[in-house]
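**Q** sequence-free structure coming up:
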């Protein structure tokens, strides 16, 4: 494991090759990223690949009969990545089946995944470039899972904060099933939002995450209810959003996903899952999001 830092004077971001992601997001002396208390949630900003969420029984098969066996969110977040590029305001890590051939036992498709991080003023731009290094079409999913400190300031309460969505959202949302980690899309739950805002309370996460499977917004702000300061997550490339925390956790994860856990109306064919991306042999597919300090 090796650690790195990018600092443009406005934003200082820490990174690690353990999981290929970022570990700190500091602006004007304030830490915006959850610092990963292992007693609550040890994660910070894991990368979800080659699935987002979970599979029924942690397994699926492709239309051609290939077997896929993956734990929740896949394996990328648990691997040691390689630093492949570093500049004044950018760096990139790579995870590949060439370097980790044992991963083909779980996901039988040769691949390369490059996570690139670039600073632009108060914004961290994140891109995931997935390359199919095999000789047949490769189905996959990709997503981000950043968790942000909440509250952001001393003497503040979790309930002082809210998420502000760009657009009106559906009145009902799909329902997470904690016992299986899967999703019920047929028995839907009332959307807990108030207009375009989602008030944050620890009780909101007593049951499970809030999953926006029919999503209009492509930006969400984490801010104090009485102000504008906070951060904005923009995710134009991602069709789904998950908002998650733990009842005892002073954080909120704002997760742009390209897919979802296996849903109640889906079978176990990998390509038939919602949002499945296909990379042709030799093709690179890129998906990006950004985090801006307001």
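**A** Looks like it came in fine. In this text, all values refer to a predicted model and were calculated from it rather than measured experimentally.

**Q** From now on I want contacts and neighbour counts done on CA atoms only, so please keep to that.
**A** OK.

**Q** which residues does the most centrally placed residue in the chain contact?
**A** Centroid-nearest residue in the chain, with Cα atoms, centre = their mean: residue 144, separated by 2.0 Å. Going by Cα atoms under 8 Å, 6 or more residues apart in numbering, residue 144 touches 45-48, 255-257.

**Q** these two touch, right, residue 46 and residue 21?
**A** Yes: the pair residue 46 and residue 21 qualifies as a contact (Cα atoms under 8 Å) at a distance of 6.4 Å.

**Q** for the contacts of residue 144, which one is nearest residue 154?
**A** Of all the contacts of residue 144, the one with the least separation from residue 154 (Cα to Cα) is residue 45, at 22.6 Å.

**Q** mind checking the end-to-end distance for stretch 230-241?
**A** 19 Å (Cα to Cα, to the nearest Å).

**Q** my bad, stretch 106-123
**A** Terminal-residue distance, stretch 106-123 (Cα to Cα): 35 Å.

**Q** now do stretch 103-122
**A** 36 Å.

**Q** In it, which residues are buried?
**A** 103, 106-119, 122 (16 or more other Cα atoms under 10 Å).

**Q** what's the closest of those to residue 167?
**A** Sorting the buried residues of stretch 103-122 by how near they are to residue 167, with Cα to Cα, puts residue 122 at the top with 23.5 Å.

**Q** hang on, isn't the closest one packed against residue 293?
**A** Yes: the pair residue 122 and residue 293 passes the contact test of Cα under 8 Å, sitting 5.4 Å apart.

**Q** Find the residues that touch each one of these two.
**A** The overlap between the contact sets of residue 122 and residue 293 (Cα under 8 Å, 6+ apart) consists of residue 27.

**Q** which non-adjacent residue is nearest residue 198?
**A** Ranked by Cα to Cα, 6 or more residues apart in numbering and with sequence neighbours excluded, the top spatial neighbour of residue 198 is residue 163, at 5.0 Å.

**Q** For that neighbour, pull up the helix or strand it's in.
**A** Element membership of residue 163, judged by DSSP states H and E, is strand 161-165.

**Q** In its sheet, which strands sit next to that strand, and in what direction?
**A** strand 197-199 (antiparallel), strand 219-224 (antiparallel) (DSSP bridges).

**Q** Residue 80 contacts residue 1, doesn't it?
**A** Yes: with contact defined as Cα under 8 Å, residue 80 reaches residue 1; the gap is 6.8 Å.

**Q** now the strands: where do they sit in the stretch 1-150 of the chain?
**A** With DSSP state E, counting those that start in this stretch as the definition, the stretch 1-150 of the chain shows strands at residue ranges 3-7, 12-16, 21-27, 30-31, 47-48, 59-61, 67-69, 82-86, 90-96, 111-120, 123-132, 138-140, 143-144, 147-149.

**Q** Show me the strands paired with the third one, marking each as parallel or antiparallel.
**A** It stands for strand 21-27. Paired strands of strand 21-27, defined by DSSP bridges, are strand 12-16 (antiparallel), strand 30-31 (antiparallel).

**Q** go on, the first one?
**A** In the sheet, strand 3-7 lines up against strand 12-16 (antiparallel) (DSSP bridges).

**Q** And the fifth one, by the same measure?
**A** Strand 47-48 pairs in its sheet with strand 143-144 (antiparallel), by DSSP bridges.

**Q** thinking again about what came up before, of residue 46 and residue 21, who's got more company?
**A** Using other Cα atoms under 10 Å, the more surrounded residue of residue 46 and residue 21 is residue 21, with 25 against 22.

**Q** Now that one. Nearest residue, chain neighbours left out?
**A** With Cα to Cα, 6+ apart as the measure, residue 15 is the residue that lies nearest to residue 21, at 5.7 Å, once sequence neighbours are left out.

**Q** Equivalent analysis for residue 71, please.
**A** Taking Cα to Cα, 6+ apart as the measure, residue 71 lies nearest to residue 58, with 5.4 Å between them; neighbours along the chain are not counted.

**Q** hang on, isn't that neighbour packed against residue 73?
**A** No: counting by Cα under 8 Å, residue 58 sits too far from residue 73 to count as a contact (10.1 Å).

**Q** For these two, indicate the residue with more neighbours.
**A** Comparing residue 58 with residue 73 by neighbour count (other Cα under 10 Å), the higher total belongs to residue 73, at 25 against 14.
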